[in-house]
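**Q** coords please:
(one chain, ligands or ions: 1)
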Amino acid sequence: MISFRTTSSKISPAAFTPLAEEVLAGLSACPKTLPPKLFYDEHGSRLFEQITELPEYYLTRTEREIFAEYATEIVSQAGNNLTLVELGAGSASKTRLLVEALARRQLRVGFYPVDVSASALRQAVSTLNGHIRNLRVHPIVTDYSKHMPLLSFPGQKLVLFIGSTIGNFETDEAVEFLRRVRGSLRPGDALLLGFDMVKDPSQLHAAYNDSQGVTAQFNKNVLARINRELGGQFDLEEFDHVAFWNPGMSRIEMHLESRLEQKVWVRDLGMVFHFAAGDRIHTENSYKFTSSSIAAMLSRGGFRPERTWTDPNQWFSTVLARR
Ligand code: AVI
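**A** Below you'll find the predicted structure:
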């Protein structure tokens, strides 16, 4: 399907915001695609918080169970006198268990949650600050996928990248990301990663096609966001949420599928985008791992796995890695 810029448009690409640039590139591509980070405006972050509480979405609950069982072991394996840094912290709800375990072992705990969403960080600060003895929270608003914050303080760091967020990167991007994290670590620092494991396809399917339709709303929020922020005219009713397990790629794919042939105007891009019935916008991949795919990816990123904790069903893995 072709897309075109209207001849009446006087909009210069140089004036485009980063969001406009990404939407223009994605919707002009063939097949159409939009990067998953666009899900997370304030509304999308709230929808994601709702997803984490759905009965079908086992990931957050299972990782929390691992932390509830092993937080003391995890932080003592990581080192002494640690400062905690969390990349993509969101509201940092699970991290609390690790913070509390650290606060039991050391006199002072510094916690640096890093996220693109200022509102999610505000929530992280309000749930943690003042509630845990000797904890200081220092939120950092930045897109860590582009700029790795340079955090230099005395003592060892434990960097968290949990929730299987690494599964939303393509493998080469994940390796590139790990190399950048590695560059910000000193010898002795550690990285704690969460990985969602390959499992029964019906369970995976249910987790991304929940019965209340929250994941569908989360997926469609990217179109709602284009409407809100770029003057788009997407009719959300005319797109279906499509999520399926792709065994060859070991990933859940999420798409938005046009129900009919349609043209959609996006004012700030000065463009009309054409969709045939059945045309899809690919919005997210969520890779699922095995212990060997984890080891291979870590090794390409310059890390070695030191210890792994898992739940009784082995649905999720928490891996401590060092450079
Ligand atoms: C943030 N990330 C790990 C979630 C996942 O499961 O891939 C995002 C998500 N997409 C749909 N539901 C949740």
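
**Q** In terms of secondary structure, what does the helix or strand harbouring Glu257 contact?
**A** For Glu257, the host element (DSSP states H and E) is strand 251-258. Counting contacts by 3 or more C-beta pairs under 8 Å, 6 or more residues apart in numbering; DSSP states H and E, strand 251-258 is packed against helix 201-207, helix 214-230, strand 239-246, strand 280-287. Backbone N, C-alpha and C define where each C-beta goes, glycine included.

**Q** export it as PDB, just CAs?
**A** Extracted in PDB, the C-alpha atoms of strand 251-258 (Å, rounded to 0.1, in the frame of the first residue of the first chain):
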ATOM      1  CA  ARG A 251       8.200 -14.500  20.100                       C
ATOM      2  CA  ILE A 252       4.700 -13.200  20.700                       C
ATOM      3  CA  GLU A 253       3.900 -10.700  17.900                       C
ATOM      4  CA  MET A 254       1.400  -7.900  18.400                       C
ATOM      5  CA  HIS A 255      -0.200  -6.200  15.400                       C
ATOM      6  CA  LEU A 256      -3.100  -3.800  14.600                       C
ATOM      7  CA  GLU A 257      -5.200  -5.100  11.700                       C
ATOM      8  CA  SER A 258      -7.300  -2.900   9.600                       C
END
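
**Q** show me the contacts for Arg136.
**A** Residues in contact with Arg136 (C-beta atoms under 8 Å, 6 or more residues apart in numbering) are 108-111, 129.

**Q** top of these by neighbour count?
**A** Phe111 (27 neighbours; other C-beta atoms under 10 Å).

**Q** Output the set of residues of the protein in proximity to the ligand.
**A** 51, 59, 163-165, 167-168, 208, 215, 284, 286 (C-beta under 6 Å from any ligand atom).

**Q** Report whether the expected contact of Asn221 with Ser45 is present.
**A** No. Counting by C-beta atoms under 8 Å, Asn221 stays clear of Ser45, with 9.7 Å between them.

**Q** between the two, which one's more packed in?
**A** Legend: neighbour count by other C-beta under 10 Å for Asn221 and Ser45, higher for Asn221 (23 against 20).

**Q** Setting aside sequence neighbours, what's the nearest residue to whatever residue of the stretch 201-323 of the chain ends up closest to the ligand?
**A** Closest residue of the stretch 201-323 of the chain to the ligand, C-beta to the nearest ligand atom: Ser286 (3.3 Å). Nearest in space to Ser286, with sequence neighbours left out and distances taken as C-beta to C-beta, 6 or more residues apart in numbering, is Ile252 at 4.3 Å.

**Q** OK, contacts around the one you found?
**A** Going by C-beta under 8 Å, 6+ apart, the list of residues near Ile252 reads 204-205, 207-208, 243-246, 284-286, 288.

**Q** Could you do Val137 as well?
**A** For Val137, counting by C-beta under 8 Å, 6+ apart, the contacting residues are 111-113, 124-125, 128-129.

**Q** Just flag the most distant two among those.
**A** Tyr112 and Asn129 (12.9 Å; C-beta to C-beta).

**Q** returning to that earlier point: name only those of the contacts of Val137 that count as buried.
**A** 111-113, 124-125, 128 (16 or more other C-beta atoms under 10 Å).

**Q** and those, which of them are in helices?
**A** Cross-referencing those against helices under DSSP state H gives 124-125, 128.

**Q** follow-up on the earlier one: just the buried residues of the contacts of Ile252.
**A** Buried among those by 16+ other C-beta under 10 Å: 204, 207-208, 243, 245, 284-286, 288.

**Q** Dump those to JSON lines, plus pLDDT.
**A** Below are the buried ones among the contacts of Ile252 laid out as JSON lines (pLDDT from 0 to 100):
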{"residue": "Leu204", "pLDDT": "98"}
{"residue": "Ala207", "pLDDT": "98"}
{"residue": "Tyr208", "pLDDT": "98"}
{"residue": "Ala243", "pLDDT": "98"}
{"residue": "Trp245", "pLDDT": "98"}
{"residue": "Glu284", "pLDDT": "98"}
{"residue": "Asn285", "pLDDT": "98"}
{"residue": "Ser286", "pLDDT": "98"}
{"residue": "Lys288", "pLDDT": "98"}
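
**Q** dump the residue contacts of the residue of the stretch 201-323 of the chain closest to the ligand.
**A** Going by C-beta under 8 Å, 6+ apart, the list of residues near Ser286 reads 164, 167-168, 196, 208, 251-252, 254.
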